[in-house]
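# Sequence below, structure please.
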Amino acid sequence: GGDLDIFETSLSDVDGLSNVSSARTVSIWSNEALVNIDGLVGLSSVENYVSLDNNDVLLNLDGLSNLNSVDGLIVSGNDDLADIDGISGLTSSSYIQIANNASIINVNGLSGLSSLSGNMYIANNSSLSDISGISQLVFIGGDLSITKNASLCQTDAEAIAAAIVVTGTTTVSDNTGNWP
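Predicted coordinates for the structure are as follows:
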């Protein structure tokens, strides 16, 4: 497939894309009215990356429920995004970034991953209080960074990170939430 770019639109959904099954890249950013991406439910693989950035009213990633393979996943700056459960079918990726999402409370959508060949960054998610969704990860072939998540307990984050074999650098810092 080719590139799918949706940026700076007034669309509230992408229902017209339900026949798209694969793509080289998917970039969805700065769509001020985009509430859901349910129209991407047919998408099962993305060769390079999926990037969802600065879609302020996007509520969930349920439209990616059939996505099982992607080289990189970036979910950043989506203020109303409550969860990433829609990507729970993802079993293969090399890079994950979950950052600057004000409303995400957990990363349970990452529970299908047992290893990651590259880096994982979980940072600046102010409501994130539970990262047990990555507790099944046994190996990260790059860096692991869990930083500046205001509602996440530092001790909890350290314990989960310590159980993962990381070939690069592990950084767990400035997670200032209370013990559950």
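
# got the CA positions of stretch 84-102 in CSV?
Presented in CSV, the C-alpha positions along stretch 84-102 are these (Å, rounded to 0.1, in the frame of the first residue of the first chain):
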residue,chain,number,x,y,z
ILE,A,84,-5.1,2.7,23.5
ASP,A,85,-7.0,-0.6,23.9
GLY,A,86,-7.8,-0.5,20.2
ILE,A,87,-4.3,-1.6,19.4
SER,A,88,-4.4,-4.7,21.6
GLY,A,89,-4.1,-6.9,18.5
LEU,A,90,-0.6,-5.5,17.8
THR,A,91,2.0,-8.3,18.1
SER,A,92,4.9,-7.0,16.1
SER,A,93,6.6,-3.6,16.3
SER,A,94,10.1,-2.2,16.5
TYR,A,95,9.4,1.3,18.0
ILE,A,96,6.7,2.6,20.3
GLN,A,97,6.1,6.1,21.5
ILE,A,98,3.2,7.0,23.8
ALA,A,99,3.7,10.6,24.8
ASN,A,100,1.9,13.8,25.8
ASN,A,101,-1.5,12.3,25.9
ALA,A,102,-3.3,14.0,28.8
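
# Just the buried residues of that stretch, please?
For stretch 84-102, burial by neighbour count (16 or more other Cβ atoms under 10 Å) applies to 84-88, 90, 92-102. For every residue, glycine as well, the C-beta is placed using N, CA and C.

# go on, stretch 103-118?
Buried, per 16+ other Cβ under 10 Å, within stretch 103-118: 104, 106-113, 115-116.

# count of neighbours near L52?
25 (other Cβ atoms under 10 Å).

# hang on, isn't S92 packed against G72?
No: in this structure, S92 is not within contact of G72 by Cβ atoms under 8 Å, at 11.3 Å.
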